[in-house]
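> sequence first, predicted model second:
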Amino acid sequence: MQSSQPVARPQPAPRGLAGALVYVVIALVAGWLLVAWAVVKRPVLSVPIAAYAGPVVWLGAHDAQALVLWLVLVLVAWRILHRRSFQRLVGRRLRRSWRRLWVYDRRWRSTMVLSGLAKRYRQREGVPRIRKVESNAWRDRVLIGLLAGQCTEDVERVTDELAHSFGAEACRVREDRPGRVWLEFRTRDPLTELVPALPVPDDVDLGSVQVGLQEDGQPWRLRVLGTHVLLAGVMGSGKSSVLWSLLRGLAPAIRDGTVAVWASDPKGGMELAPGRPLFARFCGAEFEAMADLLDEAVEVMKDRAQRLAGVTRLHEPTRAEPLILVVIDEVATLTAYQPDRKLRARIEQSLGLLLTQGRAVGVSVVAALQDPRKEVLGFRNLFPTRIALQLDEPTQVDMVLGDGAREQGALCDKIPDSTRGVAYVRLDGVREPIRVRVAYVSDPDIAAMVQLYAPRPGPGARLRAVLEGRGGKLVLTDEQQREVDAIRASWAERGER
């Protein structure tokens, strides 16, 4: 007899649950494939994966997760308590690995193709390869290997495209060695903050005077001995800051007499007159006197050249024969804008002689101007060290720093008014310009320099001033006065005869 009770039949699993299981399996497989792909592309990722998988197998998933949590807490505490050592040992490595994987590797090939740096040969397409990545808080440096047939200029032509593609403020190219170049991506500008006046050094190295900071945070130093320096920039761009920072770095040598500054300020002394006690010679009004100053510098140069010929190739400054630093603010006033043709020709001749023959015998020229055109300063190429601050036009960059400087990243025409004192420097023998910011020397700083570092008068300085009619008088006893009168009487008698 059959039972009237209904027979329970097994119910099929809900379709929703089956679909969820399928999705989970697919996600797990895709995740493991993604991990495997990442390890193949970046073998260094196998280290943290193995470091986690080992404790899971050995201790179990729960204890492994606790260990990882404690490790994270230790790293966070380390970063808070001693950030410098953390950055040096851990932070930089993590940052550069992350930047390479997420910023550059992820979109490298497409960027190279779209920017025109890819090449096709025998149906194969090649792109420059990333060799190394370095990263800090404000800059990424990417070392790439160029393809056959490529050169540095090919990469320099597309720096704007590369900067936009990788989310950087700017991109510049530095040569490393044949076939390899560094791409420097600026992610944050470290020169936005004003650089205050630098401390006056105890000892002066005339081959390395600090005047500001470089873009990488290192001191920006200028060579003074054995070179000439040209400053170019629009009004208010920071040329005076360069001059005063240089004089500040030389202050102890000026006081001790191993550096003698001969200053000319064609603007009537508006810029350099506050530091007049620091200068051995100063002209701030008469152009004839400025021409005389340059002529005297030429005479000193020729005299030293005759005495040093065959003895040394570079003058060593002493108190007896100091380095003569000829400083000219707005040199175009003496050359292109000088209405007196004879005086202008005389000044140009003296400047040309100083620039071509002066640096080896200890007569250096530091000149500043606003307009760098050839007709304004025809011998600008005679300055081995050239500094370009804010300029009006892109073409003026190459006029100051040389051909190709703007393509190499010297964007002087794009320096904003908010960062006055930012400049690009081209040193003799160095291909790429260097981005820097000069320290700002205020009027109180100048007054303190004058008070502390004005040159000390040497023996007989007061007597010489009296005899040359520059002030003061001799105080003699009655006996000394009778002797002086007798000497003058004998001179008069000889003159009558």
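Received, thanks.
> outline the domain layout of this structure.
According to automatic domain parsing, the chain comprises the domains 102-188, 209-453.
> next, the distance between the ends of the last one.
So the one you mean is domain 209-453. The first and last residues of domain 209-453 sit 16 Å apart, counting by C-alpha to C-alpha, to the nearest Å.
> over to stretch 115-132?
21 Å.
> what are the contacting residues of that stretch?
100, 104-105, 108-109, 112-113, 142-147, 149-150, 154-155, 158, 161-162, 165, 180 (C-beta atoms under 8 Å, 6 or more residues apart in numbering). Heads up, the C-betas are built off the backbone N, CA and C, glycines and all.
> can I get the buried part of those as one PyMOL selection?
Of the contacts of stretch 115-132, the buried ones go into a single PyMOL selection, burial set by 16 or more other C-beta atoms under 10 Å:
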select buried, resi 100+104+108+112+142+143+144+146+147+150+154+155+158+162+165+180
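> restricted to helices, list the contacts of stretch 115-132.
108-109, 112-113, 154-155, 161-162, 165 (DSSP state H).
> among the domains of the chain, which comes closest to Q481?
Q481 lies closest to domain 209-453 among these, at 32.7 Å (C-beta to C-beta).
> ranking the domains of the chain by burial, who's on top?
Ranked by mean neighbour count under mean count of other C-beta atoms under 10 Å, those are led by domain 209-453, which reaches a mean of 19.
> so for that domain, mean pLDDT?
Across domain 209-453, the average pLDDT comes to 89.
> check the offset of it from the chain's centre.
16 Å (C-alpha atoms, centre = their mean, to the nearest Å).
> wait, A285 sits on K267?
No. A285 is not in contact with K267 according to C-beta atoms under 8 Å; the separation is 9.7 Å.
> what sits in contact with each of the two?
By C-beta under 8 Å, 6+ apart, no residue touches both A285 and K267.
> show me the contacts for A163.
Taking C-beta under 8 Å, 6+ apart, one finds 169-171, 185 in contact with A163.
> now these in a markdown table, with secondary structure?
Output for these, formatted as a markdown table (DSSP: H, G, I helix; E, B strand; the rest coil):
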| residue | secondary structure |
| --- | --- |
| E169 | coil |
| A170 | strand |
| C171 | strand |
| F185 | strand |
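> from these, which is closest to M235?
When the contacts of A163 are compared for distance to M235 (C-beta to C-beta), A170 wins out at 25.1 Å.
> distance of A291 from R346?
5 Å (C-beta to C-beta, to the nearest Å).
> and A148, by the same measure?
Taking C-beta to C-beta as the criterion, A148 is separated from R346 by 56 Å.
> who's the spatially most central residue of the chain bridged to?
In the chain, the residue lying closest to the centroid (C-alpha atoms, centre = their mean) is V436, at 2.9 Å. Taking DSSP bridges, one obtains Q214, A423 as the residues bridged to V436.
> am I right that it is in contact with I415?
No. With contact defined as C-beta under 8 Å, V436 does not reach I415; the gap is 11.5 Å.
> mutual contacts of these two, please.
The contact lists of V436 and I415 share 422-423, where a contact means C-beta under 8 Å, 6+ apart.
> and the strands in the stretch 151-300 of the chain, which stretches?
170-177, 180-186, 209-214, 219-222, 229-232, 259-264, 281-283 (DSSP state E, counting those that start in this stretch).
> with distance to K342 added, can I get those strands in TSV?
Converted to TSV, these look like this (distance: least, C-beta to C-beta, whole Å):
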stretch	distance to K342
strand 170-177	46
strand 180-186	50
strand 209-214	37
strand 219-222	35
strand 229-232	25
strand 259-264	18
strand 281-283	18
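> out of those strands, nearest to V133?
Short answer: strand 180-186, nearest of the strands of the stretch 151-300 of the chain by C-beta to C-beta, at 9.7 Å.
> that closest one: how far from the chain's middle?
Here strand 180-186 is found 16 Å from its chain centre; the criterion is C-alpha atoms, centre = their mean.
> alpha carbons only: can I get it in CSV?
Only the C-alpha atoms of strand 180-186 are listed here, as CSV (Å, rounded to 0.1, in the frame of the first residue of the first chain):
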residue,chain,number,x,y,z
ARG,A,180,71.6,56.5,-22.0
VAL,A,181,69.9,59.7,-20.7
TRP,A,182,68.2,60.7,-17.6
LEU,A,183,64.7,62.1,-17.7
GLU,A,184,64.1,64.4,-14.8
PHE,A,185,60.4,64.9,-14.0
ARG,A,186,59.7,67.7,-11.5
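> just checking, what packs against it?
strand 139-145, helix 152-156, helix 159-165, strand 170-177 (3 or more C-beta pairs under 8 Å, 6 or more residues apart in numbering; DSSP states H and E).
> what angle separates that strand from strand 170-177?
160 degrees (axes from the mean of the first three to the mean of the last three C-alpha atoms, to 10 degrees).
> ok, back up a step: closest to L389 out of the contacts of A163?
Distances from L389 to the contacts of A163, taken by C-beta to C-beta, are shortest for A170, at 17.1 Å.
> the residue lying closest to the closest one once chain neighbours are set aside bridge partners, please.
Spatially, and ignoring its direct neighbours in sequence, A170 is nearest to R186 (4.6 Å; C-beta to C-beta, 6 or more residues apart in numbering). Under DSSP bridges, the beta-bridge partners of R186 are R139, A170.
> pretty sure R186 sits against E169.
Yes. Counting by C-beta under 8 Å, E169 is a contact partner of R186 at 4.7 Å.
> overlap in contacts, these two.
Contacts common to R186 and E169, judged by C-beta under 8 Å, 6+ apart, are absent.
> how about stretch 75-93 as CSV, C-alpha atoms only?
Output in CSV follows, covering the C-alpha atoms of stretch 75-93 (Å, rounded to 0.1, in the frame of the first residue of the first chain):
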residue,chain,number,x,y,z
LEU,A,75,57.1,51.0,10.3
VAL,A,76,54.7,53.7,11.0
ALA,A,77,56.3,54.4,14.4
TRP,A,78,59.7,54.4,12.8
ARG,A,79,58.6,56.9,10.3
ILE,A,80,57.2,59.2,13.0
LEU,A,81,60.1,59.0,15.4
HIS,A,82,63.0,59.1,13.0
ARG,A,83,61.9,60.1,9.5
ARG,A,84,65.4,60.6,8.1
SER,A,85,66.6,57.1,8.6
PHE,A,86,63.2,55.6,7.6
GLN,A,87,63.4,57.6,4.3
ARG,A,88,67.0,56.5,3.7
LEU,A,89,66.5,52.8,4.3
VAL,A,90,62.8,52.1,3.5
GLY,A,91,60.9,55.1,2.2
ARG,A,92,63.0,55.8,-0.9
ARG,A,93,62.9,52.2,-2.0
